[in-house]
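Student: Okay, structure incoming, though there's no sequence with it:
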């Protein structure tokens, strides 16, 4: 009857003491019993397969790959270590709750006169530094006691605050408030001068064209305008309904004159003023005259010739000519009229 490695019959399940030459002693010495502890006596279990359940035996390689080895650094890969016990030794890991209970909080850390040793060389801006790094970078850092820069500072859009408000030297930086009190803002129309500006013989260049009467003008703009000291116009003046007043006495024939000057020395075309002295025509004629109406009106040659012709007709009708007088043979009656402008006989 066959038996298994525990010395049991496969059919009855009873123990067999001697079957086919295998004694009970032999079975106990060469086979394992269920539930019995195994003494490997320094021997190894080799050629184990990969474990399938939590109760399966595992190989050393499996353990090394899945578990931490004492003395080696642990990379938890941003994972947490949970359910840790309260540490009893200085080398034990501690939980967050344990660390928070021992933490000094978020205030300053009081080292109580102790040093922080073995600080590694800083790699990031927020890393702490050791004394060796400070000495090494002394020529690249400014001391809080001051010093001289050896290159430019890129403020990266940050400000320099708490500057002394009253700088003493010309090379000192000044706060914005002092700038606004001393200098004009180039972009603010509300920024005005506190007193006269002394240019000390220098120019103001690149002015834009003036838009209002109080704006400064360039020389080119001013040269296009007539100076108060006089000058030659290069175009007509549009007075825009305004008057030119306070003119001086004209000197040359092309000088403008005041209305009072014209009324004083010139005849109006409407006849509202009159001559105050003799008029010399200088050999020129007066033409286009109207027919006289009053005794003091001037007459043109046509009117005068007509009047002379009329007088001749009148004399011919009412008087005798000198030739006719020489032929008179009797007395002549003058009807109480005189004979004037007689020539000496």
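Tutor: Received, thanks. What you see is a predicted model; the values in this text were computed from it and never measured.

Student: So which residues of the stretch 151-300 of the chain form helices?
Tutor: 176-182, 219-223, 259-265 (DSSP state H, counting those that start in this stretch).

Student: Just the pLDDT at the residue nearest the centre of the chain, thanks.
Tutor: Nearest to the geometric centre of the chain sits residue 187, at 7.3 Å (Cα atoms, centre = their mean). With respect to pLDDT, residue 187 has a value of 74.

Student: And it, its phi and psi?
Tutor: Main-chain torsions, residue 187, degrees, to the nearest 10: phi -110, psi 0.

Student: residues touching it, list them.
Tutor: By Cβ atoms under 8 Å, 6 or more residues apart in numbering, the contact list for residue 187 is empty. For glycine as for every other residue, the C-beta is placed from the backbone atoms N, C-alpha and C.

Student: Quick check: closest non-adjacent residue to residue 233.
Tutor: residue 226 (6.5 Å; Cβ to Cβ, 6 or more residues apart in numbering).

Student: ok, the one you found - how many residues close by?
Tutor: Using other Cβ atoms under 10 Å, residue 226 has 11 other residues around it.

Student: Would you check that it makes contact with residue 235?
Tutor: No - if you go by Cβ atoms under 8 Å, residue 226 and residue 235 don't touch, sitting 10.5 Å apart.

Student: Report how many residues lie close to residue 231.
Tutor: 10.

Student: Switch the helices of the stretch 151-300 of the chain over to a markdown table; also include mean neighbour count and mean pLDDT.
Tutor: Below are these laid out as a markdown table (neighbours: other Cβ atoms under 10 Å; pLDDT from 0 to 100):
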| stretch | mean neighbour count | mean pLDDT |
| --- | --- | --- |
| helix 176-182 | 11 | 75 |
| helix 219-223 | 10 | 84 |
| helix 259-265 | 11 | 86 |
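
Student: want to throw those helices into CSV with distance to residue 47?
Tutor: As requested, the helices of the stretch 151-300 of the chain are exported to CSV (distance: least, Cβ to Cβ, whole Å):
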stretch, distance to residue 47
helix 176-182, 82
helix 219-223, 106
helix 259-265, 136
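
Student: Among those helices, which comes closest to residue 202?
Tutor: Closest to residue 202 of these, according to Cβ to Cβ: helix 219-223, at 14.2 Å.

Student: residue ranges of the strands in the protein, please?
Tutor: Using DSSP state E, the strands of the chain run over 18-19, 22-23.

Student: Could I get the average pLDDT for the longest helix anywhere in the chain?
Tutor: Determined from DSSP state H, the single longest helix within the chain is helix 301-318. Averaging pLDDT along helix 301-318 gives 82.

Student: Pull the distance from that helix to the chain's centre.
Tutor: 96 Å (Cα atoms, centre = their mean, to the nearest Å).

Student: ditto for stretch 230-240
Tutor: 40 Å.
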